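Trainee: quick one: sequence plus predicted model below, questions after.
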Amino acid sequence: MKKIQMVDLKGQYDRIKDTVNASIQEVLDTTAYINGPQVHSFQKNLEDYLGAGHVIPCANGTDALQIAMMGLGLQPGDEVITADFTFAATVEVIALLQLTPVLVDVEPDTFNISIDAIRKAITPKTKAIVPVHLFGQAADMEAIMALAKEHNLYVIEDNAQAIGANYKYADGSKTKVGVIGHVASTSFFPSKNLGCYGDGGAIFTNDDALAHTLRGIVNHGMYLRYHHDVVGVNSRLDSVQAAVLNAKLPLLDSYNDARQTAAEKYSEAFANHQNIITPVVKGDRDSHVFHQYTLRIIDADRDALMQHLLDKGIPCAIYYPIALHKQKAYADERYNEADFPVTNQLVKEVLSLPMHTELDDEQIQFITDSVLEFLK
């Protein structure tokens, strides 16, 4: 059996190296390292894939979130509601812009932001909601958009973990996540479902005027060289990373399918086990693209299980070990522990297993057998 990786980027590269190398070589031959043809073609290709009016590439996923908020003209003190159970980047950019983060609890089955918790958190100062499509599963966007419309709020989708996932509306129609809210951000960090070989990110919107503003912000506020019309930043996707993404984008659906297949095999092995809650998929299969495969371990020692797996050479991780409202940087006396029962439970129970495009049946069998061996 080949060595098990949490994310096997080498195995993935070996299968596409000729295409990737040729795409990178094109950049080297043209020497157009910033805003070169590969960046523009990737932008167009991703717009077509998503059905997005505009894709604005940038340097990384955290910048993408920050620039999206800057483009909306949010002001210091404005309240922005987001999930307590997610990576810190989501709340980090809110704080950096001197907005007021309002963290709320999540759903126990999907781990996505709770609609009821959002509703309770809305005040006259609330200006935006940031739903995170956590671990690759679409949040309940129809309900979120209805709530936002009722209260005249912006919706900023954090799509760093779910690119390629579909959201299914009540009427049965579908659309890609990331093009439902007013604006969205994504990350192309190497381990993402669509990852480059360094840092990279993008912003999506169907709003023409907002897209124009965002394009200025990512490039020092310039539309015409040395004419700075808005306050901007330096956040550009470089041509080499765009070349890698151009090579990988046509394979994204197959990559997501491989992840979904691996997740199904995991869940089948763990079905009905008294100590394991497997991931729930709300909607159709394509609503969850499994950036992570995350179990809940109940009535058992999660940390001891993790060590057992590590001792057997099986990488695993806890995403996330500390609720954001308990992080030193984001602690606030406004928060009441009684408002976070799900998040406070999840941090004690979650365990993420290896998940990537190169997992084979032998590896999955060894991983699942090792988990069940401990929990027998």
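Mentor: Received it, and whenever you're ready, just let me know what you need.

Trainee: A helix includes Pro279, no?
Mentor: No - the assignment for Pro279 (DSSP: H, G, I helix; E, B strand; the rest coil) gives coil, which keeps it out of a helix.

Trainee: now do the contacts for it.
Mentor: By Cβ atoms under 8 Å, 6 or more residues apart in numbering, the contact set of Pro279 is 135, 137, 263, 267, 288, 290, 293-295. (Glycine included, C-beta is placed from N, CA and C.)

Trainee: confirm that Glu142 sits in a helix.
Mentor: Yes - the assignment for Glu142 (three-state DSSP) places it in a helix.

Trainee: now intersect the contacts of Pro279 with the helices, please.
Mentor: Among the contacts of Pro279, the ones falling in helices (DSSP state H) are 263, 267.

Trainee: ok, the contacts of Pro279 vs Asp18, which is closest?
Mentor: Distance to Asp18, by Cβ to Cβ, is smallest for Phe290 among these, at 27.2 Å.

Trainee: what's the local residue count around that closest one?
Mentor: 26 (other Cβ atoms under 10 Å).

Trainee: now do it against His227, distance only.
Mentor: For Phe290, the distance to His227 equals 45 Å [Cβ to Cβ, to the nearest Å].

Trainee: and after the lengthiest helix in the chain, which helix or strand comes next?
Mentor: Longest helix in the chain by number of residues, with DSSP H as the criterion: helix 9-30. Past helix 9-30, heading to the C-terminal end, the next element that is a helix or strand (DSSP states H and E) is helix 37-50.

Trainee: restrict that next one to CA atoms and write it as PDB.
Mentor: Provided in PDB are the C-alpha atoms of helix 37-50 (Å, rounded to 0.1, in the frame of the first residue of the first chain):
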ATOM      1  CA  PRO A  37      -2.800  35.800 -21.000                       C
ATOM      2  CA  GLN A  38      -3.100  32.800 -18.700                       C
ATOM      3  CA  VAL A  39      -4.800  35.000 -16.000                       C
ATOM      4  CA  HIS A  40      -7.300  36.300 -18.500                       C
ATOM      5  CA  SER A  41      -8.100  32.900 -20.000                       C
ATOM      6  CA  PHE A  42      -8.500  31.400 -16.500                       C
ATOM      7  CA  GLN A  43     -10.900  34.200 -15.500                       C
ATOM      8  CA  LYS A  44     -13.000  33.600 -18.600                       C
ATOM      9  CA  ASN A  45     -12.900  29.800 -18.200                       C
ATOM     10  CA  LEU A  46     -14.000  30.000 -14.500                       C
ATOM     11  CA  GLU A  47     -16.800  32.500 -15.400                       C
ATOM     12  CA  ASP A  48     -18.100  30.000 -17.900                       C
ATOM     13  CA  TYR A  49     -17.800  27.000 -15.500                       C
ATOM     14  CA  LEU A  50     -19.600  28.800 -12.600                       C
END
